[in-house]
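Colleague: just the structure for this:
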Amino acid sequence: MLPPEFTVRSDLPIEYRPDIDGLRAVAVLSVIGYHASPRLVPGGFVGVDIFFVISGYLISSIIFNGLTKGRFTFAEFYVRRIRRIFPALIVVLAFCWIFGWFVLFTDEYKVLGKHMAGSAIFISNILLWQESGYFDLAAGSKPLLHLWSLAVEEQYYLIWPLLLVVAWRRALDLVVLIALIWFVSFALNVASVRIDAALAFYWPHARLWELLSGGLLAYVSTKRSLAAQGHPRLRPYLDLITKERGPLFSNTAAILGATLVAVSVLTIENETTFPGWWALLPVLGTFLLILIGRRAWLVHRVLSNPLLVFVGLISYPLYLWHWPLLWFANTIEVGYASVTLRIVTIGIAFFLAWITYEFIETPIRASARGGRPTAVPVLLSILLASLGLLGYWTFENDEFGRNGESLFIKDVSASEYQATRGGFFACDSAFLGSRKFGLCLRSKQDPPEMAVFGDSHADHLFPGIAKLDARNSWVLLGEGSCPPALGIRSYRTGRNDKCAEASEEILALLKANAGIKTVVLASLGPYYFSGVGFAPEHLVPGEFDARSWNLEPTGISDSKATKEQVFLNGLDRAIEALESARKDVVLYIDVPELNFSPRECVERPLRSIRRMHCVIDRKMVQERQREYRSVIATLERKHPHLRVFDPLKYLCDEKQCVASSKNVIYYRDGHHLSIRGSEYLAKPFLNWLGSLR
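Modeller: Next up is the predicted model:
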């Protein structure tokens with residue numbers, strides 16, 4: 001139980017600093033710039049790191065002021081947080097659910113519901129980590145992606161006040177304590193980013209040091225009153241920071257801080273392993289700007305500019321509004337919205353942020369001075385919990401019957417595709433032994449006679465083949481993003497390479513199973529050659545991004561080989577290994593990639609169909625696959641018994657290749673087949689395969 005001095009209200013005023021609101025404006029404008037145009041503001045996502053330092057400073061200042069004067073209570077602290085965080089969040093979540101009802105397809109609406117539920121209980125960061133990374137192929141498809149940072153803050157403030165109160169009561173040296181936790185968190189950040197970049201980005205253990213940087217500033221700002229309360233040990237630690245400096249030092253430090261922030265926003269790119277060491281730039285820059293305060297001309301004149309201060313005041317609702325609005329615009333347009341639409345959308349976000357601040361946030365804060373200060377927080381908590389339950393209900397319900405949805409729309413749903421995996425048998429330890437890799441499904445419980453080996457493009461062939469072939473038992477073996485080749489490292493920036501090891505394990509498994517007579521090799525070949533997606537600027541943001549792909553040999557002899565040679569040599573080794581084990585080897589040429597999203601083929605509210613025929617010029621497909629097909633031709637010459645299946649004759653005529661036909665969309669995204677697309681191609685493939693025997 002806390003002593004009496006901790007039981008008084010802690011609504012203690014702290015000095016208002018307009019420059020911090022200006023710094024908030026810099027942070028939120030950076031994030032908006034990144035989401036609106038990552039090419040112009042490549043490092044704008046570091047605005048979140050700026051927010052973390054600011055939040056650590058302001059919230060910790062309230063706590064330290066309360067502790068210094070013996071007037072801190074946990075109840076009052078969390079009531080303040082509810083009044084600050086919940087009102088705007090409730091409004092934005094409610095808007096997303098209502099607007100989404102009218103404009104989203106069922107699969108998109110379910111994703112929205114899931115993330116609404118996660119946002120309501122502040123675990124968005126954990127959900128996003130489980131699903132994917134911030135910069136991966138699916139990041140741009142998350143309607144509430146930005147709320148991960150809010151979750152990290154609230155998780156931090158569940159522990160931080162309790163830790164400070166305990167340390168304060170025990171008269172611990174808080175500078176040493178903060179420094180110790182800071183270094184542990186920073187070390188975990190650097191270590192985590194090498195192992196799992198998404199884990200380091202989303203989880204609070206790797207972000208704690210950023211908030212603690214602001215917390216340390218808050219502590220030193222109360223140095224004089226703390227020393228008077230019997231803490232003279234602070235002086236040796238804090239004099240260096242708190243000592244008054246001349247104009248030259250102050251302005252130099254402010255310029256350095258501003259430079260670090262600017263360099264971060266304009267030069268750090270999303271391929272960079274982040275946070276890691278790179279996060280020091282925006283954190284240190286923000287630390288210096290808050291530390292110097294109004295003693296520097298840059299801070300006093302620029303950051304305290306009334307326009308920036310205004311943006312800073314509405315920064316929280318602006319942060320909440322901007323991404324859902326941009327996401328809706330991009331989703332409705334099925335791709336990056338036009339520049340004009342993005343500008344209009346951001347303008348709407350500013351207007352809604354001002355409305356939210358002026359007519360919702362401000363009155364609710366003012367109500368704290370009323371006679372029943374706890375009534376409003378209780379009501380806000382009930383409303384947010386209700387929205388969370390509504391989101392969960394939305395996620396759990398499969399059909400809403402909106403927009404005349406049918407199989408035509410389900411074709412483009414990734415969730416519908418994933419659901420079909422439950423119709424097959426997962427590989428058990430009796431088949432796998434101790435081996436583990438990402439893709440392993442069986443069509444029957446009988447010992448497999450046929451195998452599909454490859455990456456996600458082997459995966460999208462398997463459902464149709466396994467369903468339509470009643471005669472043979474099939475097994476899918478592979479690892480996502482790994483070609484069916486030996487001696488190749490294949491990975492995207494920030495992802496670990498599992499390919500070389502997985503391919504060796506799969507080939508060993510295939511050799512060990514004498515009953516498997518035929519092995520089909522399938523992969524997204526052209527992507528490995530170019531390292532980027534096909535015309536990604538036309539696709540839904542994040543759906544098939546232009547992320548740099550690395551394809552490297554594991555052997556020294558191939559170290560100077562081109563990507564084409566590396567791919568050729570890797571496939572050649574795999575084919576030799578399989579043929580030496582007396583397997584019939586079939587190479588399935590990759591399906592055409594699209595330069596548009598198949599969702600453009602489906603009519604949506606607020607947008608008319610732009611691609612009624614859903615076609616792509618065959619010459620574009622052939623040019624995209626030119627080097628890839630050259631490699632296949634070389635392999636055919638070297639391996640006379642190799643059989644090659646070409647799906648182009650079933651998807652293309654002389655002039656164009658189709659993505660849909662007769663209310664069937666063959667693709668679920670820019671390069672993966674839908675379930676019905678997989679079944680469509682399985683028929684001619686199985687007939688062709690049967691004719692070889």
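
Colleague: okay, now the domains of this structure?
Modeller: For the chain, automatic domain parsing gives the domain ranges 21-403, 423-594+619-648+677-691.

Colleague: for the chain, what's the longest helix?
Modeller: The longest helix of the chain (DSSP state H) is helix 74-103.

Colleague: elements contacting whatever helix or strand comes next after that one?
Modeller: Counting by DSSP states H and E, the next helix or strand C-terminal to helix 74-103 is helix 106-120. When contacts are defined as 3 or more Cβ pairs under 8 Å, 6 or more residues apart in numbering; DSSP states H and E, helix 106-120 packs onto helix 74-103, helix 124-131, helix 148-169, helix 375-396, helix 407-410, helix 414-420. Heads up, the C-betas are built off the backbone N, CA and C, glycines and all.

Colleague: adding distance to Q656 and mean neighbour count, write the domains of the chain out as TSV.
Modeller: TSV is the format used below for those (distance: least, Cβ to Cβ, whole Å; neighbours: other Cβ atoms under 10 Å):
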stretch	distance to Q656	mean neighbour count
domain 21-403	20	19
domain 423-594+619-648+677-691	9	19
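
Colleague: quick one: closest of those to E416.
Modeller: Checking the domains of the chain against E416 by Cβ to Cβ gives domain 21-403 as the closest, at 6.9 Å.

Colleague: ok so, going back, so which of the domains of the chain gets nearest V602?
Modeller: Between V602 and the domains of the chain, the shortest gap by Cβ to Cβ is with domain 21-403, which sits at 7.5 Å.

Colleague: same question for that closest one, mean pLDDT?
Modeller: Average pLDDT, domain 21-403: 87.

Colleague: now Q656. Its backbone dihedrals?
Modeller: phi -150, psi 160 (degrees, to the nearest 10).

Colleague: residues in contact with it?
Modeller: V615, I616, D617, R618 (Cβ atoms under 8 Å, 6 or more residues apart in numbering).

Colleague: re earlier: turn the domains of the chain into a markdown table, including distance to I665.
Modeller: Shown next, in a markdown table, are the domains of the chain (distance: least, Cβ to Cβ, whole Å):
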| stretch | distance to I665 |
| --- | --- |
| domain 21-403 | 12 |
| domain 423-594+619-648+677-691 | 7 |
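
Colleague: right, and those - which one's nearest P605?
Modeller: Closest to P605 of the domains of the chain is domain 21-403 (Cβ to Cβ; 4.9 Å).

Colleague: sorry, back to before: so which of the helices and strands packed on helix 106-120 comes closest to I343?
Modeller: Closest to I343 of the helices and strands packed on helix 106-120 is helix 74-103 (Cβ to Cβ; 19.8 Å).

Colleague: hang on, the earlier thing: which one of the helices and strands packed on helix 106-120 lies nearest to L298?
Modeller: Of those, nearest to L298 by Cβ to Cβ is helix 148-169, at 26.2 Å.

Colleague: where does pLDDT dip in the stretch 551-693 of the chain?
Modeller: Within the stretch 551-693 of the chain, the segments meeting pLDDT under 70 span 555-559, 607-613, 693.

Colleague: which residues in it form helices?
Modeller: Using DSSP state H, counting those that start in this stretch, the helices of the stretch 551-693 of the chain run over 563-580, 618-624, 626-638, 648-651, 675-691.

Colleague: as a markdown table, those with distance to S30 would be great.
Modeller: Shown next, in a markdown table, are the helices of the stretch 551-693 of the chain (distance: least, Cβ to Cβ, whole Å):
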| stretch | distance to S30 |
| --- | --- |
| helix 563-580 | 35 |
| helix 618-624 | 36 |
| helix 626-638 | 39 |
| helix 648-651 | 44 |
| helix 675-691 | 41 |
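
Colleague: would you list the helices and strands packed on helix 106-120 in a markdown table and tack on distance to L216?
Modeller: Formatted as a markdown table, the helices and strands packed on helix 106-120 follow (distance: least, Cβ to Cβ, whole Å):
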| stretch | distance to L216 |
| --- | --- |
| helix 74-103 | 19 |
| helix 124-131 | 23 |
| helix 148-169 | 12 |
| helix 375-396 | 29 |
| helix 407-410 | 53 |
| helix 414-420 | 44 |
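
Colleague: mind checking these for the one nearest to V658?
Modeller: helix 407-410 (14.4 Å).

Colleague: hmm, who's touching that closest one?
Modeller: F105, T106, D107, N403, E416, V602, N663, V664, I665, R676.

Colleague: distance check, the residue nearest to the fifth one when sequence neighbours are not counted against G677.
Modeller: Computed as Cβ to Cβ, 6 or more residues apart in numbering, the closest residue to E416 that is not its neighbour in sequence is K410, at 4.7 Å. Taking Cβ to Cβ, to the nearest Å as the criterion, K410 is separated from G677 by 12 Å.

Colleague: S367 is nearest to which of the helices and strands packed on helix 106-120?
Modeller: helix 375-396 (5.2 Å).

Colleague: got the contact list for that closest one?
Modeller: So helix 375-396 is in contact with 79, 82-83, 86-87, 89-90, 93-94, 97, 109-121, 364, 367-368, going by Cβ under 8 Å, 6+ apart.

Colleague: sweet, I'm off.
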